[in-house]
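Novice: Predicted model and sequence follow; I will ask about them next.
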Amino acid sequence: MMKHIRKNIHNVVLVIQPSHSSTQSLLKFVGTIMEHQAPIRVGLVFISDSDAEDKVTVDNALPAVVSYLSQHKDRSTIIEFLSELVDEPLTLTNIQSEFADIAPAKITETFVSDNGGLLSAGNGFIETVGLGKGQVVVNGIVLENTADVEEGVVSAMQSYMNKLQRAVYLDEITDETDVLEWFMSQGNILSRYNAAVSNPGALNVNLGSLEQQGGLYANLGDALDTPNWLGPKDAPVSMVVVDELVETGFVLSPVLKTLKELTKTRITFLFPENNDLSYRLWIILTHSMNFESDVQALIAGAKLAERLEKLIADDTQKSTFESISSLHKAIARSVLRLKAGESGLMVNGKVIGHFKAPTPADLRLAEELELKSGAQRLSEVLEGYGSDVIMKVGSVLRNQDSVSRISFPDLSMEHSAVIVPGEGPFQVDAVLDPLSKPTQQISHILQILNAAKLIKLTIVLNPREKLSEMPIQRFYRYVLDTDLKFDESEGISREGSMATFTELLPNLLLTMSLHTPVNWMVASTYSPHDLDNIRLNEVDRGVYAEYTLDYLVIEGHSHDNVRYSSPTKGLQYVLSNGETSYDTIVMANLGYFQLKAGPGVWNLSLREGPSKDIYDIVGVEGPGTLEPTGDVTIAVGDITSTFITIDATKKKGMEYRSVSQESEQTQEEPGLWDSLKKLFDLFWDFRFFDFLRYVEPQFRQLSFSMATIF
């Protein structure tokens, strides 16, 4: 439900081509708005595909009638006339019939030609702002879905309500304010609309790590690391033009014509098509002594300077460009994800493709949007670093998840704040309850960031007023060092970091444990104390323990897609890096498996025997790559969880064989270890590597010693 507002503060523009199928719903919306007296000003823009005004058509008859009524009647008459057209097909006969009830004039060739310039003004308007037939604009924002105009407009109005109320509260909007001008002054309002340019789901290429990604990404980095950029050296916007339409210069032509107007943009080109226009432009970029005049000659289709014409005819230059064009085509397909024959732009890492008919205005829009999206601010913060840095930083920031930002302008800091001076680029404001678990966790992180000169820190203490129990019952330390530690041989020290707890009450019963990521296999490797029952008043020199990170666990599921994604129970996998190998068996519960691993590249394969004889690996999801050999390559480069899903299918002729039935089973003498093994088998579906996490160091050392002996 819309709130009642005295002023018409919202503005809706409807682009109407009378012969288009959307016209009826748009006219119905106009009637609904007037009937309910909604706080909306409605503007009608009439357009037509035909320039012929000497013939009477639906497209020119309706604007002519509206123009006539606006000159001889009041606005309510226009609304009444349009509302009468909603319930029946929009034809010349119906328009003339409804018009005859209001005015004596007849719709003739002379009448439609005297339409007050509505059609020419409408066509000029949509050409300027980039709109099309049937589109709806609410307060400067184009509705993407016009299937239900009324619902879309009301939703847009409601989304603006909180912002409007805040503006009124802050005196940004008063009775004297032109609300339309206020809407137009907002940062999200652009001078033109182009769905391809403003597409929020466009591909973003991280230009900061092209070399590390290797392959064609590194080749793109080489193409961008070129002196052939046109425009200011410190331009905040870097635009890469990709034109795949042979000979037409689909994107190249408007770009070349707009070079002087893009004052805050530098431009370079990829040449995925080996055609004459691209070849000549490449020759100009790499060899021209007077670029501006040579480009003008290229646009005009005239001959270039004699020296350039000789280079164009040189077979060596043609061969070089052919190789460059082939490489650029591969980059356009694999990195920029442009399809064959599809042209586009890459603006600070954002790929703009699917252009219908780009114009100089669209290129100016791309520049404007990028500047408003942060490029202008980046150029101010990174002043002196140059366009390369701005381009790469912009692409990296665009790939980050968006977060909401707040400030604390009204917090009292006279007696409860600590301002830590720093030289870092980031301002961190921390509001902390000093007697809380989160404060224990984050305080050391803030200390490390400040020591690394990454932040300027303000800490505001915000304790609870009343305490009914001990505020801290768990004492926490975050283990993180500022710098790497080195040993005497200048290698990385194997001595780990340390967490120290002091001033603890001696009569409390305490337990020591580590909180680590779920895929870490961490266990206490040495301690003379019972870490589950610690009383400091019973020890002489405190309690100490050593913990070791033994492995990073790779987890996953293994399914047989041919058999309705059923778990491949009993299937055995082997994980190897050439020096060390670990194996595992797939559980019946969801096909779950675990494998011990460490940082590096590992090879996952089926174990020799029934598993390899019966099954083939046919697919993988997650951080793994299926090789032609049928093995899976997994790169463990992250300390957080590595989870993969493997699709394994039985080989032809093996459909009725079972891995679990054919696996060799060893018989053991009954005893304590056999009983423990049976116990473990009962709980095999749990994290079977977690066993060592929960045993005391003494038992752990004893079990390893017994394993060595027996």
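Specialist: Structure's in. What do you need? Numbers count the residues shown, from 1 in each chain.

Novice: rest of the way, CA atoms for contacts and neighbours
Specialist: Will do.

Novice: who's in contact with stretch 224-235?
Specialist: With contact meaning C-alpha atoms under 8 Å, 6 or more residues apart in numbering, stretch 224-235 is reached by 259, 263-268, 285-286, 379, 384-387.

Novice: let's see it at 10 Å
Specialist: When contacts are defined by C-alpha atoms under 10 Å, 6 or more residues apart in numbering, stretch 224-235 is touched by residues 207, 218-219, 237-240, 259-260, 262-270, 282, 284-286, 291, 375-376, 379, 382-391.

Novice: tell me how far the ends of that stretch are from each other?
Specialist: Stretch 224-235 has an end-to-end distance of 15 Å (C-alpha to C-alpha, to the nearest Å).

Novice: So for it, mean pLDDT?
Specialist: Model confidence over stretch 224-235, given as mean pLDDT, is 81.

Novice: How far off centre is it?
Specialist: How far stretch 224-235 lies from its chain's middle: 26 Å, per C-alpha atoms, centre = their mean, to the nearest Å.

Novice: Show me which positions of that stretch end up buried.
Specialist: By neighbour count with 16 or more other C-alpha atoms under 10 Å, stretch 224-235 contains the buried residues Leu224, Asn228, Trp229, Leu230, Gly231, Pro232, Asp234, Ala235.

Novice: and the next element down the chain from the host helix or strand of His328?
Specialist: His328 belongs to helix 315-334 when elements are defined using DSSP states H and E. Using DSSP H and E, the helix or strand that follows helix 315-334 towards the C-terminus is strand 344-347.

Novice: other SSEs contacting the helix or strand that comes right after that next one?
Specialist: As assigned by DSSP H and E, the chain's next helix or strand after strand 344-347 is strand 350-352. Applying 3 or more C-alpha pairs under 10 Å, 6 or more residues apart in numbering; DSSP states H and E, one finds that strand 350-352 contacts strand 237-242, strand 344-347, helix 387-398.

Novice: The same query, at a cut-off of 8 Å, please.
Specialist: With contacts taken as 3 or more C-alpha pairs under 8 Å, 6 or more residues apart in numbering; DSSP states H and E, strand 350-352 sits against strand 344-347.

Novice: Alpha carbons only: can I get the strand it packs on in PDB?
Specialist: Taking Å, rounded to 0.1, in the frame of the first residue of the first chain, the C-alpha atoms of strand 344-347 are listed here in PDB:
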ATOM      1  CA  GLY A 344      32.700  -5.700 -26.600                       C
ATOM      2  CA  LEU A 345      34.700  -3.500 -24.200                       C
ATOM      3  CA  MET A 346      36.700  -4.200 -21.000                       C
ATOM      4  CA  VAL A 347      36.500  -1.200 -18.700                       C
END
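
Novice: Contacts made by it with the rest, please.
Specialist: Contacts with strand 344-347, where a contact means C-alpha under 8 Å, 6+ apart, come from 237-243, 251, 338, 351-355, 366, 370.

Novice: Could you rerun that using 7 Å?
Specialist: Residues outside strand 344-347 that contact it (C-alpha atoms under 7 Å, 6 or more residues apart in numbering) are Val237, Ser238, Met239, Val240, Val241, Val242, Asp243, Val351, Ile352, Gly353, His354, Phe355.

Novice: ok, how many other residues are close to the third one?
Specialist: It stands for Met239. As a burial measure, Met239 scores 24 neighbours (other C-alpha atoms under 10 Å).

Novice: Distance check, it against Leu230.
Specialist: Distance of Met239 to Leu230, given as C-alpha to C-alpha: 10 Å.

Novice: shared neighbours, these two?
Specialist: Common neighbours of Met239 and Leu230 (C-alpha under 7 Å, 6+ apart) are Arg266, Ile267, Thr268.

Novice: I'd like those written out as TSV, with neighbour count added.
Specialist: Listed next are the shared contacts of Met239 and Leu230 as TSV, based on neighbours: other C-alpha atoms under 10 Å:
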residue	neighbour count
Arg266	22
Ile267	21
Thr268	19
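
Novice: Dump these into CSV; add distance to Ser185 as well.
Specialist: Formatted as CSV, these follow (distance: C-alpha to C-alpha, whole Å):
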residue, distance to Ser185
Arg266, 27
Ile267, 29
Thr268, 32
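
Novice: Tell me the one of these nearest Asp433?
Specialist: Ranked by distance to Asp433 (C-alpha to C-alpha), those are led by Arg266 at 49.4 Å.

Novice: What sits closest to that closest one if chain neighbours are left out?
Specialist: Leaving aside its chain neighbours, Arg266 sits nearest to Gly231 (4.2 Å; criterion: C-alpha to C-alpha, 6 or more residues apart in numbering).

Novice: Next, find the distance separating that neighbour from Glu261.
Specialist: Distance from Gly231 to Glu261, by C-alpha to C-alpha: 10 Å.

Novice: What distance do you get for Asp148 to Val154?
Specialist: For Asp148, the distance to Val154 equals 10 Å [C-alpha to C-alpha].

Novice: Okay, strands next: where are they in the stretch 551-700 of the chain?
Specialist: For the stretch 551-700 of the chain, the strands defined by DSSP state E, counting those that start in this stretch cover 566-567, 572-576, 581-585, 592-597, 600-606, 615-621, 624-626, 632-636, 642-650.

Novice: rewinding a little: I'd like to know which of the contacts of stretch 224-235 are buried.
Specialist: 207, 218-219, 237-240, 259, 262, 264-270, 282, 284-285, 375-376, 379, 382, 387-391.

Novice: what's the least confident helix or strand in this protein, going by average pLDDT?
Specialist: Sorted by mean pLDDT, DSSP states H and E, the helices and strands of the chain end with helix 672-682, the least confident at a mean of 52.

Novice: before we move on, the earlier item: among the buried residues of stretch 224-235, which lie within helices?
Specialist: Of these, the ones assigned to helices by DSSP state H are Leu224.

Novice: Any chance of JSON lines for the buried residues of stretch 224-235, columns distance to Asn577?
Specialist: Shown next, in JSON lines, are those (distance: C-alpha to C-alpha, whole Å):
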{"residue": "Leu224", "distance to Asn577": "36"}
{"residue": "Asn228", "distance to Asn577": "44"}
{"residue": "Trp229", "distance to Asn577": "44"}
{"residue": "Leu230", "distance to Asn577": "48"}
{"residue": "Gly231", "distance to Asn577": "50"}
{"residue": "Pro232", "distance to Asn577": "50"}
{"residue": "Asp234", "distance to Asn577": "47"}
{"residue": "Ala235", "distance to Asn577": "47"}
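
Novice: and which of the buried residues of stretch 224-235 is nearest Glu423?
Specialist: Scanning those for proximity to Glu423, where the rule is C-alpha to C-alpha, the winner is Asp234, at 24.8 Å.

Novice: follow-up on the earlier one: pull out the buried residues from the helix holding His328.
Specialist: Buried residues in helix 315-334, counted by 16+ other C-alpha under 10 Å: Lys318, Phe321, Glu322, Ile324, Ser325, Leu327, His328, Lys329, Ala330, Ile331, Ala332.

Novice: which helices and strands does it pack with?
Specialist: In this structure, helix 315-334 makes packing contacts with no helix or strand, judged by 3 or more C-alpha pairs under 7 Å, 6 or more residues apart in numbering; DSSP states H and E.

Novice: Can you tell me the number of residues neighbouring Ile312?
Specialist: Counted with other C-alpha under 10 Å, Ile312 comes out at 19.

Novice: which element is it on?
Specialist: Counting by DSSP H and E, Ile312 is part of helix 306-313.

Novice: Output the below-cut-off pLDDT ranges for the stretch 1-150 of the chain.
Specialist: Within the stretch 1-150 of the chain, the segments meeting pLDDT under 70 span 1-7, 50-54, 108, 114-116.

Novice: Which parts of it are strands?
Specialist: 10-16, 40-46, 136-138, 141-142.

Novice: Thr482 is nearest to which of those?
Specialist: Smallest distance to Thr482 across those (C-alpha to C-alpha): 47.7 Å, for strand 141-142.

Novice: Go through the shared contacts of Met239 and Leu230 and flag which are in strands.
Specialist: Using DSSP state E to define strands, the subset of the shared contacts of Met239 and Leu230 located there is Arg266, Ile267, Thr268.

Novice: Quick one: neighbours of Phe183, just the number.
Specialist: Counted with other C-alpha under 10 Å, the neighbours of Phe183 add up to 18.
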